[in-house]
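Enquirer: What shape does this take:
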Amino acid sequence: MVLPTEVVFVVVSLGLLGSAFYGIKATEIFGVSKQGKSRAWKIHQFWLNFAGSIVGWITLWFLARKAYICFGGSCPISFGFWDAAAVFVTFIGITGYLPVTVVGVIQGVKELAVKMLGMPK
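Expert: Numbering: from 1, shown residues only. Next up is the predicted model:
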């Protein structure tokens, strides 16, 4: 089963518009100063936040497809760990928090490794 064309259009349009919004406005939304930053930094921030949001919208797409197929009676409705993880990624991606979440996790792993190895920061 394929999603109706109208649903595809709405999700793709909202995804591109929402992702462009977070790409352009994320530094303002999250209170990060752009003053004195290089053009490369600004482009990186746009790309990072655009990509994080688009990942959320793509994940929503897969969830919507699964729900549409299952609610159509083509499969038993089930909700497991991976579905919950997808809902989480969808939410933090669409709301602009995926980049800061990923960077925070990476930083946390780095700090844990430094502590476990007894290395100075």
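
Enquirer: Identify the residue spatially nearest to the residue most central in space within the chain, adjacent ones excluded.
Expert: With distances taken as CA atoms, centre = their mean, residue 93 lies nearest the centre of the chain, 2.3 Å away. Leaving aside its chain neighbours, residue 93 sits nearest to residue 56 (1.8 Å; criterion: CB to CB, 6 or more residues apart in numbering). For the C-beta atoms, the positions are set from N, CA and C on the backbone; glycine is no exception.

Enquirer: which SSE is that neighbour in?
Expert: In this structure, residue 56 sits in helix 39-71 according to DSSP states H and E.

Enquirer: And residue 113, by the same measure?
Expert: helix 98-117.

Enquirer: same for that helix, what does it pack against?
Expert: helix 39-71, helix 81-94 (3 or more CB pairs under 8 Å, 6 or more residues apart in numbering; DSSP states H and E).

Enquirer: Return it as CSV; C-alpha atoms alone will do.
Expert: Extracted in CSV, the C-alpha atoms of helix 98-117 (Å, rounded to 0.1, in the frame of the first residue of the first chain):
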residue,chain,number,x,y,z
LEU,A,98,18.5,16.1,17.2
PRO,A,99,21.9,17.9,16.5
VAL,A,100,22.4,19.0,20.1
THR,A,101,21.3,15.6,21.3
VAL,A,102,23.8,13.7,19.1
VAL,A,103,26.6,16.2,20.0
GLY,A,104,25.8,15.8,23.7
VAL,A,105,25.9,12.0,23.5
ILE,A,106,29.2,12.1,21.7
GLN,A,107,30.6,14.6,24.2
GLY,A,108,29.3,12.3,27.1
VAL,A,109,31.0,9.2,25.6
LYS,A,110,34.2,11.2,25.2
GLU,A,111,34.1,12.4,28.8
LEU,A,112,33.3,8.8,30.0
ALA,A,113,36.3,7.5,28.0
VAL,A,114,38.6,10.1,29.5
LYS,A,115,37.5,9.3,33.0
MET,A,116,37.7,5.5,32.5
LEU,A,117,41.2,5.8,31.0
